[in-house]
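# Prediction below, plus the sequence it came from.
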Amino acid sequence: MDIRNLSFDELAQYLISIGEKPFRAGQVFEWLYKKDASTFEDMTTLSQPLRARLAADLRFTPAVIADQQKSEDGTTKFLFELSDGQHVEAVLIPSGPTAGRTTACISTQVGCKFGCRFCASGVAGWKRNLSTAEIMTQVLYVKRAAGKKRPLSHIVFMGIGEPMDNYDVLLKSIHLINSGKAAHIAARRITVSTSGVVPKILKLAEQDLQIELAISLHGYDNPSRDVLMPINTKYPIEKLMEACRAYGASKRRQITFEYILIKGVTVTPEAPAALKKLFKGLLCKMNLIPYNPVAEYPHQCPSHPEMLAFRSELEKAGIHATIRTPRGKDVNAACGQLRHAHQKGNHMASSFDKNG
Ligand code: SAH
Ligand code: SF4
């Protein structure tokens, strides 16, 4: 068992079980989450016998970076090699010129079983869930890479995988990220993005956590959403919107709808009026995401004037929408693209950097 799979209470219980005082849990957490220890040996405020006992009972798997690419805009993508040889990616997104934020985009699964027909993460199917330790390794690595000048301030679960399909691990990781004893990032700075796993949205609504919810909507009615997202046949758009209303009502927070811009599929003349109907009475905002081409799919991203025209049609329908500037376009920065390129063997050898 990797030590970063343990909650604070679980660690305290374990320490009691080996005859240690529970306050040692605070010291260990400090080494893990604040003082950036990489081995048990680094934890010099613990006695030598305790360090040896921890090393005998628990693992502390180091992060292995198989590939790293830094974009011109400062976005850096890290490809993590896991202990079973699988790969996932995490992205460090420095603040734009106006917003003072530094974001880590984190993966929750190896691959994805949801198979959205525009996304690189689903192309090779689903392999397995990540553990809490594998999620925390990404968070801590990106936090370290961000440094102290512009420290990590936000977490988005928008990497590879469907976070709600690894719900228990997701929740445990969020508690660790949020906890003052661990990574200490405010809940409202943590965003979970989902393709629309309705029962889990409802479950999350019941949690006493003010985290941000983002919905990958990518369609304006059942037929348009069915084309891109197989999950819509299981949880159709009206059920999804009901769950969003429940989440919004319970948290009194606005929900973000992500909407991929694909010519003739999501960008159509009927979309704005249909979206207006969907969003009626809901506190929400909309992010328009230009489609990032993936070779396996035939879609086309609209031209810039077409995107602007679509946004102004939305504004006319009373929907405020922001076109997201693609970050790290030169480094396969859309969801799952670096891992996918790596699997196909065509990642950029020139930017290969073994040690990160
Ligand atoms: N599985 C979750 C979180 C990961 S995807 C979800 O689907 O919400 C993060 C975001 O990137 C989603 O909104 C997803 O739809 C979007 N995305 C995936 N592939 C993309 C592509 N090729 N171009 C633009 N956005 C993409
Ligand atoms: Fe999975 Fe999200 Fe990609 Fe869909 S968009 S295949 S749910 S990672």
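All right, it came through fine. In this text the structure is predicted, and so the values were computed from the model without any measurement. Ligands and ions are numbered 1, 2, ... in the order given.

# Show me which residues of the stretch 101-250 of the chain sit near ligand 1.
Within reach of ligand 1 by C-beta under 6 Å from any ligand atom, the stretch 101-250 of the chain has these residues: 118-119, 158, 162, 193-195, 216, 218. Placement of C-beta: from N, CA and C, glycine included.

# And the furthest pair within the residues you listed?
Between any two of those, the greatest separation by C-beta to C-beta is 15.9 Å, found for Phe118 and Thr194.

# What's the nearest residue in the stretch 151-300 of the chain when you look at ligand 2?
Closest approach of the stretch 151-300 of the chain to ligand 2 (C-beta to the nearest ligand atom) occurs at Ser195, with a separation of 3.6 Å.

# what pLDDT does that residue get?
Looking at Ser195, its pLDDT reads 98.

# ok, it to Lys149 distance?
Ser195 is 35 Å from Lys149, where distance means C-beta to C-beta, to the nearest Å.

# neighbour count winner among those two?
Ser195 (26 against 6; other C-beta atoms under 10 Å).

# How about the more buried one, nearest residue that isn't a chain neighbour?
Ser216 (4.8 Å; C-beta to C-beta, 6 or more residues apart in numbering).

# Hmm, Thr194 and Met164 touching each other?
Yes. Met164 is within contact range of Thr194, at 4.7 Å (criterion: C-beta atoms under 8 Å).

# residues bridging contact with these two, i.e. touching both?
Common contacts of Met164 and Thr194 (C-beta atoms under 8 Å, 6 or more residues apart in numbering): 200-201.

# Those two - which one has more neighbours?
For Met164 and Thr194, the more surrounded residue by other C-beta under 10 Å is Thr194, and the numbers stand at 25 against 22.

# after the strand or helix carrying Tyr247 comes which helix or strand?
Secondary structure from DSSP states H and E places Tyr247 in helix 237-251. Scanning forward in sequence from helix 237-251 by DSSP H and E, the next helix or strand is strand 255-261.

# now that following strand: mean pLDDT?
Throughout strand 255-261, pLDDT has a mean value of 97.

# quick check, it touching ligand 2?
No. Using C-beta under 6 Å from any ligand atom, we find that strand 255-261 stays clear of ligand 2, coming within 8.7 Å at best.

# how close does the residue of the stretch 151-300 of the chain closest to ligand 2 get to Gly219?
From Ser195 across to Gly219, the span is 11 Å (C-beta to C-beta).

# Quick check, pLDDT for the residue nearest to Ser195.
98.

# Next: Val88.
If you check Val88, the pLDDT there is 97.

# Mind listing what's buried along stretch 245-256?
Judged by neighbour count using 16 or more other C-beta atoms under 10 Å, the buried positions of stretch 245-256 are 245, 247-248, 251, 253, 255-256.

# Correction: the previous question concerned stretch 212-220.
For stretch 212-220, burial by neighbour count (16+ other C-beta under 10 Å) applies to 212-220.

# Kindly reformat those residues as JSON lines containing secondary structure.
Formatted as JSON lines, the buried residues of stretch 212-220 follow (DSSP: H, G, I helix; E, B strand; the rest coil):
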{"residue": "Glu212", "secondary structure": "strand"}
{"residue": "Leu213", "secondary structure": "strand"}
{"residue": "Ala214", "secondary structure": "strand"}
{"residue": "Ile215", "secondary structure": "strand"}
{"residue": "Ser216", "secondary structure": "strand"}
{"residue": "Leu217", "secondary structure": "coil"}
{"residue": "His218", "secondary structure": "coil"}
{"residue": "Gly219", "secondary structure": "coil"}
{"residue": "Tyr220", "secondary structure": "coil"}
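
# Of these, which fall within the contact range of ligand 2?
Restricting the buried residues of stretch 212-220 to those touching ligand 2 (C-beta under 6 Å from any ligand atom) yields Ser216.
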